[in-house]
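Asks: no sequence on hand, only this structure:
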């Protein structure tokens, strides 16, 4: 019988395996995909954002409702510890101008290769193309290899790190939900997080400007404003500034059926200055040419202004629209297109060591738990911290001589 069975080869599962195997425990990691850490590699395609360099209290506040749950774990494994862990694997890190932390190579693959080499050196057994299907009558995890029937995998402890429900083609398909609900585990409904939103654009905007970025804007919802960038799509609006507001926008849609986003196309210019610039004589110039030359308003920005109807004539009203373009979000993008997901195992189902209270010896970590975080390194940091807490909980459980599963 193995000491620890870890189901799911993402950051939480692999970090737990790293910590447990370093203590001499016999660890097997199983993954339903053909290779480990598919979503981790996808996240690194545009530059692997590992964590953030801001002060820890500000960092912890980004987790909103989940702060109380995650804060003790992140304090035990803070951003500086994650950076040091990378350095131990020979992957130097740096802080970008935004405060985000990246590996010097900017890629996930060199880090993953070094990580897997260390796991192999520590004796970790990695098995791919195995799907978790539930538990046997005597409590063992059931694993199904391709073309075979599910079979029990006896282990002294089990860590479930199966991911959430976003990017199912990379392995996170939430197929485990029924197996845990059948054991009385309460699961909160999965919802898209860090996602775009569906907006009923006019045919002209969709046909001419789908895929066009909106740069140096500010987005507002309720009392919160986020500077950044966004992208017009055929379906709606996506991009970094949208993702930063996505939890609030999604909850407004859940309550009210829709949500209002306000776009400030020139956040660096006060309303009074905009009005003054727009009060200049434009002579024989068309309004489009005048806006382009006076405010450098790009065609996509002018099209957005016209989504609300004919452009106002007075400089003050036109300036007000430029500072406050209102769009209605009808629904989030489908969860399969979301960067991450909200929902999962209810947090009160777990003890401090991340063991499921109703399934002694079974632990859970990562995106399959009910929490969410914005992009910017917060997602990965929390997954690593939970992987460490689960490893420590498993070690304590095994040291106390609890019954094998």
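Replies: Right, received. Where do you want to start? Predicted model, so just to flag it, every value in this text is computed and none were measured.

Asks: check contacts around the residue lying closest to residue 171 once chain neighbours are set aside.
Replies: Among residues not flanking residue 171 along the chain, residue 33 sits closest, at 4.5 Å (CB to CB, 6 or more residues apart in numbering). To be clear about C-beta, it is placed using only N, CA and C from the backbone, and glycine gets the same treatment. Residue 33 makes contact with 9, 128, 129, 170, 171, according to CB atoms under 8 Å, 6 or more residues apart in numbering.

Asks: contacts only, for the second one.
Replies: Contacts of residue 128 were listed using CB under 8 Å, 6+ apart, and they are 9, 30, 31, 32, 33, 34, 35, 36.

Asks: go again using 10 Å as the cut-off
Replies: With contact set as CB atoms under 10 Å, 6 or more residues apart in numbering, residue 128 has these partners: 9, 29, 30, 31, 32, 33, 34, 35, 36, 145, 146.

Asks: tell me the mean pLDDT over stretch 54-63?
Replies: For stretch 54-63, mean pLDDT rounds to 97.

Asks: let me redo that: stretch 260-276
Replies: Averaged over stretch 260-276, pLDDT sits at 97.

Asks: mind listing what's buried along that stretch?
Replies: 261, 263, 264, 265, 266, 267, 269, 274, 275 (16 or more other CB atoms under 10 Å).

Asks: thinking residue 114 is in contact with residue 89, fair?
Replies: Yes. Using CB atoms under 10 Å, residue 114 is in contact with residue 89, at 4.1 Å.

Asks: and stretch 304-316, how far apart are its ends?
Replies: End-to-end distance for stretch 304-316, by CA to CA, to the nearest Å: 18 Å.

Asks: that one: which residues count as buried?
Replies: For stretch 304-316, by 16+ other CB under 10 Å, it's 304, 305, 312.

Asks: please, which helix or strand holds the residue nearest to residue 171?
Replies: Using DSSP states H and E, residue 33 sits in no helix or strand.

Asks: mind checking the backbone torsions on it?
Replies: phi -80, psi 180 (degrees, to the nearest 10).

Asks: re the thing from before, just checking, which of the buried residues of stretch 260-276 belong to strands?
Replies: Among these, the members found in strands (DSSP state E) are 261, 263, 264.

Asks: report the contact partners of the first one.
Replies: When the contact criterion is CB under 10 Å, 6+ apart, the partners of residue 261 are 197, 199, 219-221, 230, 236-237, 241-242, 245, 249, 252, 325-329.

Asks: for it, list each beta-bridge partner.
Replies: Counting by DSSP bridges, residue 261 is bridged to residue 327.

Asks: so residue 372, which of the three states?
Replies: Here residue 372 is recorded as coil under DSSP: H, G, I helix; E, B strand; the rest coil.

Asks: list the residues that contact the closest residue to residue 388 other than its chain neighbours.
Replies: What sits nearest to residue 388 in space, not counting adjacent residues and going by CB to CB, 6+ apart, is residue 77, at 4.6 Å. Remark: with contacts taken as CB under 10 Å, 6+ apart, residue 77 is in contact with 15, 19, 85, 381, 382, 384, 385, 386, 387, 388, 389, 392.

Asks: quickly list the domain ranges of the chain.
Replies: Domain ranges of the chain: 2-193+334-399, 197-332, per automatic domain parsing.

Asks: buried deepest among the ones you listed, which one?
Replies: Comparing the domains of the chain by mean neighbour count (mean count of other CB atoms under 10 Å), domain 2-193+334-399 ranks first with a mean of 19.

Asks: and that one, how far apart are its ends?
Replies: Using CA to CA, one end of domain 2-193+334-399 lies 15 Å from the other.

Asks: cool, and stretch 203-217?
Replies: Start-to-end span of stretch 203-217 (CA to CA) is 23 Å.
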